[in-house]
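> predicted structure and sequence below. I'll ask about it afterward.
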Amino acid sequence: MYNTEANKAKFHFYFSTEILSLMNKNKLNSGDLFGYGEDCFIVDLYEYSSLLFDAFTSTALLDSSLFEVCKFLAIEFFGAVLDSGELTMECKFPEVNKFKKTINNVLTAFINR
């Protein structure tokens, strides 16, 4: 039986794990970047994970591609965050519609490879 919410949670887990891993590799955390804790960061990130879920599930890509897609999108997301603010705790999430286009571009690249 397919459970949409459980599958959406899976996408959120993979995407957020990749972003947190990038933060850790760069010796940063959500407090350094946004001025609030990881729990709030994960909740705020859910909107972006939902966009990824909606776009990914409308393609013919197999779930096995999800890990790699999340890695690419985490790099894009993290780069946009770093570009958004020069001062500690003043970074912003990417603009939702702009990141939606990024998601679609990454998925298109995966489909066409």
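Arrived safely, thanks for sending.
> ok, residues contacting the helix or strand hosting Asp83?
In this structure, Asp83 is located in helix 66-84 according to DSSP states H and E. With CB atoms under 8 Å, 6 or more residues apart in numbering as the test, helix 66-84 has contacts from 10-11, 14-15, 17-19, 21-23, 26, 33, 48, 52, 56, 61, 91-94, 98-99, 102-103, 106-107, 110. From N, CA and C alone the C-beta is placed, and that goes for glycine too.
> next SSE downstream of that helix?
Sequence order places helix 96-111 as the next helix or strand after helix 66-84, per DSSP H and E.
> what sits up against that next one?
Residues contacting helix 96-111 (CB under 8 Å, 6+ apart): 47-48, 51-52, 55-56, 59-61, 65, 68-69, 72-73, 76-77, 80, 93-94.
> alpha carbons only: can I get that helix in PDB?
Extracted in PDB, the C-alpha atoms of helix 96-111 (Å, rounded to 0.1, in the frame of the first residue of the first chain):
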ATOM      1  CA  VAL A  96      10.700  29.200  -3.300                       C
ATOM      2  CA  ASN A  97       9.800  29.700  -7.000                       C
ATOM      3  CA  LYS A  98      13.400  30.000  -7.900                       C
ATOM      4  CA  PHE A  99      14.300  26.800  -6.100                       C
ATOM      5  CA  LYS A 100      11.400  25.100  -7.800                       C
ATOM      6  CA  LYS A 101      13.000  25.900 -11.100                       C
ATOM      7  CA  THR A 102      16.300  24.500  -9.800                       C
ATOM      8  CA  ILE A 103      14.500  21.300  -8.900                       C
ATOM      9  CA  ASN A 104      13.000  21.000 -12.300                       C
ATOM     10  CA  ASN A 105      16.300  21.700 -14.000                       C
ATOM     11  CA  VAL A 106      18.100  19.000 -11.900                       C
ATOM     12  CA  LEU A 107      15.300  16.500 -12.600                       C
ATOM     13  CA  THR A 108      15.400  17.300 -16.300                       C
ATOM     14  CA  ALA A 109      19.200  16.700 -16.300                       C
ATOM     15  CA  PHE A 110      18.600  13.300 -14.700                       C
ATOM     16  CA  ILE A 111      15.900  12.300 -17.100                       C
END
